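Participant: sequence and predicted structure, then a few things I'm wondering about:
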Amino acid sequence: MSEFIDRLKLRLGRLPHDPAALARVPSFANQRLSGFVPRPVVDRSEIAFAPGLYHNDRLPDCTAAGLANAARAVAALNGFELAIEPEKVPLFYAACIGCAPTFDAMEATLGAVALDVLNHQAVHGFDALMQSPLVGLHAVLPHTRAAIANAIDHLGHAYLGVTLHQRDMDGSAVWDVGDGRADGEVVGGHVVVGWDYMGLADDATLRVCTWGRLQKATWRWLDARLSEAHALIWRQLADPSGRDIGVDIATLEDALARIRTT
């Protein structure tokens, strides 16, 4: 019961996206990445990585928290720790939505549109205590298991907008659907970050970053809950091996620059 009560205090914060705006964003469907055959398993249990909460228990800043965790996940995969002060994330969230950078002001907000957060960091950067702010090139992922698995494997993460129901807030060890339990009412929009997966079947699990921890979920759960999917490429966090990630960086950068000037 205490776990359930604690979860009632958690915040969400992903506002509904504008389909027309999302359609203008570059898509990884047009990149070689989407044509890769995904590996059957991507298990990162031996990598030292723990997601941050970034005040998403008090603030509706899951979009910003997801961005921070995605960047930290990529850094961890590439062999270094990206330390982000917890206070940096809500400050970034406030800048994205244009509210006063105080906890009282941010608590009164409803959240942010994920695409607005991604666009804000692309233009202004995200201050993560590096020599210069992090700037990631972002694109939309097709809503297919293969595309999301390839993003997790080759880009290090998937930035996923989901719609949670009441049953997702009850502290289950694995988020799932189709097992005879009622979903309950819609609670709201949330951003989680795909980290790894143990298979690609409906009942196989992936692990997603949310609320400062790694949560298991089945692929069929993600199929049912997914509203939007993105991934980012941070050249500042690049894999030192220079391996092929299946993305033409110059083409993606040019496409993003064009939509920012229209």
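Facilitator: Looks like it came in fine.

Participant: how far is stretch 146-164 from where the chain is centred?
Facilitator: Put simply, stretch 146-164 sits 8 Å off its chain's centre (CA atoms, centre = their mean, to the nearest Å).

Participant: go through that stretch and flag the buried ones.
Facilitator: Counting neighbours by 16 or more other CB atoms under 10 Å, one finds that the buried residues in stretch 146-164 are 147-164. The way it works is simple: take the backbone N, C-alpha and C, and place the C-beta from them, glycine included.

Participant: please apply the same query to stretch 225-235.
Facilitator: 225-234.

Participant: circling back: select from the buried residues of stretch 146-164 every entry located in strands.
Facilitator: Under the assignment DSSP state E, the buried residues of stretch 146-164 contribute 158-164 to strands.

Participant: nearest to residue 245, of those?
Facilitator: Distance to residue 245 across those (CB to CB) is lowest for residue 158, with 13.3 Å.

Participant: thought the closest one was touching residue 141?
Facilitator: Yes - between residue 158 and residue 141 there is a contact at 6.2 Å, judged by CB atoms under 8 Å.

Participant: find the residues that touch each one of these two.
Facilitator: Residues touching both residue 158 and residue 141 (CB atoms under 8 Å, 6 or more residues apart in numbering): 148, 151, 229-231.

Participant: max pairwise distance over those: which two?
Facilitator: 148 and 230 (10.4 Å).

Participant: which neighbours do the two have in common?
Facilitator: Contacts common to residue 148 and residue 230, judged by CB under 8 Å, 6+ apart, are 141, 158, 160.

Participant: closest to residue 103 among those?
Facilitator: Checking the shared contacts of residue 148 and residue 230 one by one against residue 103 (CB to CB), the nearest turns out to be residue 160, at 26.6 Å.

Participant: distance of that closest one relative to residue 195?
Facilitator: Between residue 160 and residue 195 the computed distance is 11 Å (CB to CB, to the nearest Å).

Participant: any shared contact partners between the two?
Facilitator: residue 208.

Participant: how about the helices in the stretch 1-150 of the chain?
Facilitator: Shown for the stretch 1-150 of the chain, the helices assigned by DSSP state H, counting those that start in this stretch span residues 2-8, 19-24, 62-77, 88-97, 103-107, 114-124, 145-150.

Participant: need these in CSV with distance to residue 252 and mean pLDDT, can you?
Facilitator: Converted to CSV, those look like this (distance: least, CB to CB, whole Å; pLDDT from 0 to 100):
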stretch, distance to residue 252, mean pLDDT
helix 2-8, 37, 41
helix 19-24, 14, 94
helix 62-77, 16, 97
helix 88-97, 21, 97
helix 103-107, 32, 96
helix 114-124, 11, 96
helix 145-150, 15, 98
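
Participant: out of these, which one sits most buried?
Facilitator: Highest mean neighbour count of the helices of the stretch 1-150 of the chain: helix 62-77, a mean of 27 (counted as mean count of other CB atoms under 10 Å).

Participant: just checking, what packs against it?
Facilitator: helix 88-97, strand 112-113, helix 114-124, strand 158-165, strand 186-197, strand 205-210, strand 226-234 (3 or more CB pairs under 8 Å, 6 or more residues apart in numbering; DSSP states H and E).

Participant: let me know which of these is the nearest to residue 217.
Facilitator: Comparing the helices and strands packed on helix 62-77 by CB to CB, strand 205-210 comes nearest, at 5.8 Å.

Participant: what's that closest one in contact with?
Facilitator: Taking CB under 8 Å, 6+ apart as the rule, strand 205-210 contacts 51, 62, 66, 69-70, 73, 152, 160, 174, 190, 192-199, 214-219, 222.

Participant: surely residue 181 meets residue 168?
Facilitator: No - using CB under 8 Å, residue 181 is not in contact with residue 168, being 10.9 Å away.
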